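Asks: Model the structure of this input:
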Amino acid sequence: MRSDIEEVDVIFQTMTDRAVCVRGDEDGEDIWLPLSQVEIEDMEGRELRRGRPAILSGPEWLLTDKGLL
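Replies: Reported below is the predicted structural model:
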């Protein structure tokens with residue numbers, strides 16, 4: 001069964017080869033997501049930098065499970 005892909009606004013924190021760390025808001029907790037399941041890009045098309053707004057795309061079930069939806 002395939003989940004619908006959703007987009008959410010997040011605050012980028014950091015990234016490894018396998019995962020990305022974001023926050024739902026500036027004061028929120030760090031949320032780690034696997035890069036095999038999600039994509040992330042800077043809202044203004046620039047390089048991702050800590051504390052900057054970004055757009056995260058991923059399966060609805062995963063974003064809901066992580067508290068982003």
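Asks: Any idea what the spatially most central residue of the chain is bridged to?
Replies: The residue lying closest to the centre of the chain (Cα atoms, centre = their mean) is Leu56, at 4.0 Å. The partner list for Leu56 in beta bridges (DSSP bridges) reads Val8, Ile40.
Asks: just the helices in the chain please.
Replies: 60-65 (DSSP state H).
Asks: Point out where it drops to low pLDDT.
Replies: The model of the chain has pLDDT under 70 over residues 1-3.
Asks: what sits against the residue nearest to Val22 when sequence neighbours are not counted?
Replies: Excluding its sequence neighbours, the residue lying closest to Val22 (Cβ to Cβ, 6 or more residues apart in numbering) is Val10, at 3.9 Å. All C-beta spots, glycine's among them, are computed from the backbone N, C-alpha and C. Residues in contact with Val10, defined by Cβ atoms under 8 Å, 6 or more residues apart in numbering, are 22-24, 31, 40, 53-56, 68.
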